[in-house]
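> Here is my input, please return the structure:
(one chain, ligands or ions: 1)
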Amino acid sequence: MATRNTWKQKDLTGIETLSRAEIDQIFAQADRLLPTLDQEQSPPLLRGRTIVNLFLEPSTRTRTAFEISAKRLGAEVVSINTTGSSLVKGETLRDTALNIQALKADAIVLRHSSAGAAAYLGRALDISVINAGDGAHEHPTQALLDAYTLKRKFGKTDGLKVTILGDILFSRVARSDILCLAKLGVEVTLAGPATLVPARLAEAFPGVRIERNLRKALSSADAVMLLRIQHERQTTTHFPSLAEYTSQFGLNEARASWLKPKAIIMHPGPINRGVEVESALADGSRSVILSQVTHGVAIRMAVLHLCIGARAR
Ligand code: CP
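This next block holds a predicted model:
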């Protein structure tokens, strides 16, 4: 089960710093670990290690997946949230992290509302820092599990066409997905309200296409990735109401009929049922939303093992 000792990265703070070879290495390790999720035990690749989940923003999927992944690999896991930490007493993030390192933890998995928080800690610490979402910047393990889901579904990523629909501007998932899919040879199309998919995104991400005609954006796709509206990061109103967003951009049965017969529906969660996607489609045969969640455990096991357990010292 051990991989060759070629992994060099202490931290995973974004897709931007990963090469295609490194993404392929994560996928290869996830392939080895995924079948063990249906067995009583996974290999104890992190036995004797301690991982601290420092989640300073809400999370269900990412936090639980990291916790299950670390425990399945035999690590001890300690979870800290905002209200349970000394951050509320005025301690800085850096001081909190230095104390966790002094407590002899081997890694911090960080979710934070500030872009760059994980990279900042990665530079400050000798132990590994894994980014579990930093503001509107990056959510690298979500992008890896999304791309891994595509690879498992279609047997490849090169040449696939993926349309990302919704609030791209404020989405760390979209940013990491765009970077990851581009590295894996996927053609990415962005669609949604012009206020949330501004033309400047095409300049920020060369090779990415913006399609204002929703029918064209959907009918060409092998997969459509739906995003929820990130109210918590929006400072002004970007469309009149959620009902109007749904009427113009929500995925319903009529719009889903424009998709190719084998196209799949993806969503990183949490879903706002009846807003960005009709409930029947989220639960329907095209949906791979819960497979994404399961793949997220294998991907996080692979990332934790590579950054903490298998890294060349
Ligand atoms: N996809 C995702 O990041 O979900 P959580 O906010 O529940 O972790």
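> Next one: the closest residue to residue 154 other than its chain neighbours, what pLDDT does it get?
In this structure, residue 154 finds its nearest non-sequential neighbour in residue 160, 6.0 Å apart by C-beta to C-beta, 6 or more residues apart in numbering. From N, CA and C alone the C-beta is placed, and that goes for glycine too. According to the prediction, residue 160 has pLDDT 98.
> The stretch 1-150 of the chain: strands as residue ranges?
50-55, 76-81, 107-112, 128-134 (DSSP state E, counting those that start in this stretch).
> Figure out which of these is closest to residue 93.
Residue 93 lies closest to strand 107-112 among those, at 7.1 Å (C-beta to C-beta).
> Could you list the low-confidence segments of this structure?
For the chain, residues meeting the criterion pLDDT under 70 lie at 1-4, 231-236, 311-313.
> What segments of the protein are helices?
For the chain, applying DSSP state H gives helices covering 20-33, 61-72, 93-102, 117-124, 140-154, 172-183, 200-204, 214-219, 242-249, 253-256, 279-282, 289-304.
> a markdown table for those, including distance to residue 48?
Below are these laid out as a markdown table (distance: least, C-beta to C-beta, whole Å):
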| stretch | distance to residue 48 |
| --- | --- |
| helix 20-33 | 18 |
| helix 61-72 | 12 |
| helix 93-102 | 17 |
| helix 117-124 | 22 |
| helix 140-154 | 23 |
| helix 172-183 | 31 |
| helix 200-204 | 43 |
| helix 214-219 | 49 |
| helix 242-249 | 48 |
| helix 253-256 | 49 |
| helix 279-282 | 41 |
| helix 289-304 | 13 |
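> How about the residues of the stretch 151-300 of the chain by the ligand?
Contact residues (C-beta under 6 Å from any ligand atom) of the stretch 151-300 of the chain with the ligand: 268, 269, 270.
> quick one: which of these has the most company?
Highest neighbour count within those: residue 268, with 26 neighbours (other C-beta atoms under 10 Å).
> Thought residue 293 was touching that one, still the case?
No. The pair residue 268 / residue 293 is not scored as a contact, 9.3 Å apart, by C-beta atoms under 8 Å.
> what touches both of these two?
The contact sets of residue 268 and residue 293 overlap at residue 61 (C-beta atoms under 8 Å, 6 or more residues apart in numbering).
> Please tell me I have it right and residue 219 contacts residue 256.
No. Between residue 219 and residue 256 there is no contact under C-beta under 8 Å: 10.8 Å.
> Compare neighbour counts for the two and give me the winner.
Neighbours were counted for residue 219 and for residue 256 using other C-beta under 10 Å; residue 256 has more, 18 against 15.
> Residues in a beta bridge with the nearest residue to residue 117 once chain neighbours are set aside, which ones?
Among residues not flanking residue 117 along the chain, residue 134 sits closest, at 4.8 Å (C-beta to C-beta, 6+ apart). Bridge pairing for residue 134 (DSSP bridges) gives the partners residue 112, residue 138.
> how many neighbours does residue 134 have?
25.
> Next up, the contacts around the residue nearest to residue 154.
Residues in contact with residue 160 (C-beta under 8 Å, 6+ apart) are 150, 154, 185, 186, 187, 222, 223.
> buried sites along stretch 218-235?
By neighbour count on 16 or more other C-beta atoms under 10 Å, the buried set for stretch 218-235 is 218, 220, 221, 222, 223, 224, 225, 226, 227, 228, 229, 230.
> ok, the fifth one touching residue 164?
By that I understand residue 223. No. Under the criterion of C-beta under 8 Å, residue 223 makes no contact with residue 164, lying 9.4 Å away.
> State the number of residues packed around residue 209.
15.
> How about it, nearest residue that isn't a chain neighbour?
In space, residue 209 is closest to residue 189, 4.8 Å off (C-beta to C-beta, 6+ apart).
> Let me see the contact set for the residue in the stretch 101-250 of the chain positioned nearest to the ligand.
Relative to the ligand, the nearest point of the stretch 101-250 of the chain is residue 142 (5.3 Å; C-beta to the nearest ligand atom). Neighbouring residues of residue 142 by C-beta under 8 Å, 6+ apart: 62, 133, 172, 173, 176, 177, 268, 296.
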